[in-house]
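Asker: Sequence and computational prediction follow.
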Amino acid sequence: MVAAKIEQPLAVLVTMTDYSQTNFGCSPQRFLQTEAVGQTPDLNSALNLALNQICKGTAWHYAEVWLPEVDRNLLKLSPACCINVLEDDRILALKQFHQCSEAFILQPSEGLPGQTWSSQCPQWIADVSAESETYFLRNQIARAFGVKAGLGLPFLIEQEVVAVFVFFMQAARLADQPLIRQTQALLQQLEPTLIPLFQLNLIGANRL
């Protein structure tokens with residue numbers, strides 16, 4: 001099964017359609033505290049808080065961010081992640097999934113993050129644990145730790161992908177358009193605070 005490519009208008013762009021006033025069934029307090037994200041001292045801290053706020057407002061059980069290397073040819077996993085479950089065994093499983101994922105470095109079109117990166121469009125996989133290793137490189141650890149449906153969202157600044165946000169749940173699910181729109185809307189709310197941090201991070205990396 002190949003990833004379900006979501007139509008381009010749903011891509012997370014700086015100039016994307018404004019969903020911030022849309023009611024997706026969340027109570028008002030579930031919408032994000034963007035000021036808190038903007039007050040964090042660095043990009044990874046901001047990403048941690050952003051992922052936590054998005055997961056709390058949606059059905060996602062786990063979230064991570066992949067960042068392009070300075071030469072733009074490889075994706076590496078950021079330390080930032082969110083685990084949005086209550087049971088101790090599930091928390092441990094998702095922590096182990098993240099720890100194992102740190103060993104992976106992805107090229108364009110590899111895995112869900114790589115597909116999202118190269119296409120610059122959202123990508124959905126109904127069950128990553130059922131995919132072949134040639135398509136979803138982390139299929140074995142996904143199977144071991146109960147990771148299934150996944151969504152990749154590109155984060156673009158001036159038409160360049162500066163990050164890939166990836167969300168997983170511990171249940172298989174076909175492409176869920178309302179959940180995709182809700183996740184994008186919450187991420188869009190954080191753009192004004194995240195974009196300057198990404199820009200500073202890119203400037204710092206280019207000086208090395």
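Answerer: Noted; the coordinates are in hand. These numbers come from a predicted model, not from an experiment.
Asker: my guess is Ser132 meets Asn139, correct?
Answerer: Yes. Taking contacts as Cβ atoms under 8 Å, Ser132 lies within contact range of Asn139: 6.8 Å. Yep, even glycine has a C-beta here, placed from its N, CA and C like the rest.
Asker: quick one: which of those two has more around it?
Answerer: Asn139 (19 against 9; other Cβ atoms under 10 Å).
Asker: check contacts around the more buried one.
Answerer: 128-133 (Cβ atoms under 8 Å, 6 or more residues apart in numbering).
Asker: got a winner among these for most neighbours?
Answerer: Counting neighbours by other Cβ under 10 Å, Val128 comes out on top of the contacts of Asn139 with 25 neighbours.
Asker: mean confidence for stretch 52-65?
Answerer: On average, the pLDDT along stretch 52-65 is 96.
Asker: cool, stretch 107-117 as well?
Answerer: 95.
Asker: what sits up against that stretch?
Answerer: With contacts defined as Cβ under 8 Å, 6+ apart, stretch 107-117 is touched by 3, 66, 68, 73-75, 104, 106, 118, 122-123, 125, 128, 135-138, 150, 152-154, 161, 164, 166.
Asker: Buried ones among those residues?
Answerer: Buried members of these, counted by 16 or more other Cβ atoms under 10 Å: 3, 66, 68, 74-75, 104, 106, 118, 122-123, 125, 128, 135-138, 150, 152-154, 161, 164, 166.
Asker: still on that earlier bit, adding pLDDT and secondary structure, write the contacts of Asn139 out as JSON lines.
Answerer: As requested, the contacts of Asn139 are arranged in JSON lines below (pLDDT from 0 to 100; DSSP: H, G, I helix; E, B strand; the rest coil):
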{"residue": "Val128", "pLDDT": "98", "secondary structure": "helix"}
{"residue": "Ser129", "pLDDT": "97", "secondary structure": "helix"}
{"residue": "Ala130", "pLDDT": "97", "secondary structure": "helix"}
{"residue": "Glu131", "pLDDT": "96", "secondary structure": "coil"}
{"residue": "Ser132", "pLDDT": "93", "secondary structure": "coil"}
{"residue": "Glu133", "pLDDT": "91", "secondary structure": "coil"}
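Asker: just those residues now: which is nearest Gln182?
Answerer: Nearest to Gln182, judged by Cβ to Cβ, of those is Val128 at 20.4 Å.
Asker: quick one: contacts for the closest one?
Answerer: 112, 136, 138-139, 142, 147-150, 168.
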